[in-house]
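Participant: Quick check, what structure comes out for this input:
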Amino acid sequence: MSVQRSFSRVENDLLPKFRENMGLAESTEDVRKFFGYTMAGLMEKVFEGRIPATYGDIRLAPGTPEGYALDHNLTGHPEFSPVWEASDLSAIIGRFATAAANRFRRLEKNPDKTEAKMYPTPDRVGKGRQP
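Facilitator: Numbering: from 1, shown residues only. The predicted structure follows:
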């Protein structure tokens, strides 16, 4: 019987800031960026610096069943597979990806609201978030 590791404490540490960032995201690129940086932080905490985590190691992929894509630099590291297979890491990343993909799709469906916030013009006065 193998030992199952849980990283839910790390997830709970990162979740409030992630939710705040998702709420502040004004474009689909913001969602991708916030997801990428949060996942880099997750990997840094999980592997305690043994695997150098970068922004592009885990990418948001809303069109895939998992909702994310792992970079070969991460999956090819010898310490990654044992932790991945004997922990809840895939489920945690899946939950973050689901939340990010939902926000991504919402922003993708309403580009007018996004553009009104990012590029205010006289015809859009009063629309979108006001400072």
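Participant: just checking, what packs against the host helix or strand of Val10?
Facilitator: Using DSSP states H and E, Val10 sits in helix 8-24. Other elements packing on helix 8-24 under the criterion 3 or more CB pairs under 8 Å, 6 or more residues apart in numbering; DSSP states H and E are helix 28-47, helix 89-109. In this view, the C-beta of every residue, glycine as well, is placed from N, C-alpha and C.
Participant: How about the backbone phi and psi for the residue lying closest to Ile93 once chain neighbours are set aside?
Facilitator: Distance criterion CB to CB, 6 or more residues apart in numbering; nearest residue to Ile93, sequence neighbours excluded, is Tyr68 at 5.8 Å. Main-chain torsions, Tyr68, degrees, to the nearest 10: phi -150, psi 160.
Participant: residues near the residue lying closest to Lys17 once chain neighbours are set aside, how many?
Facilitator: With sequence-adjacent residues excluded and distances taken as CB to CB, 6+ apart, Lys17 is closest to Thr38, at 7.5 Å. By other CB atoms under 10 Å, the residues close to Thr38 number 20.
Participant: how near is the spatially most central residue of the chain to Ser87?
Facilitator: In the chain, the residue lying closest to the centroid (CA atoms, centre = their mean) is Phe35, at 2.2 Å. Per CB to CB, to the nearest Å, Phe35 is found 20 Å from Ser87.
Participant: Next up, the contacts around the nearest residue to Met43 once chain neighbours are set aside.
Facilitator: Once flanking residues are discounted, Met43 sits nearest to Ala53: 3.6 Å by CB to CB, 6+ apart. Residues in contact with Ala53 (CB atoms under 8 Å, 6 or more residues apart in numbering) are Met39, Ala40, Gly41, Leu42, Met43, Glu44, Phe47, Leu74.
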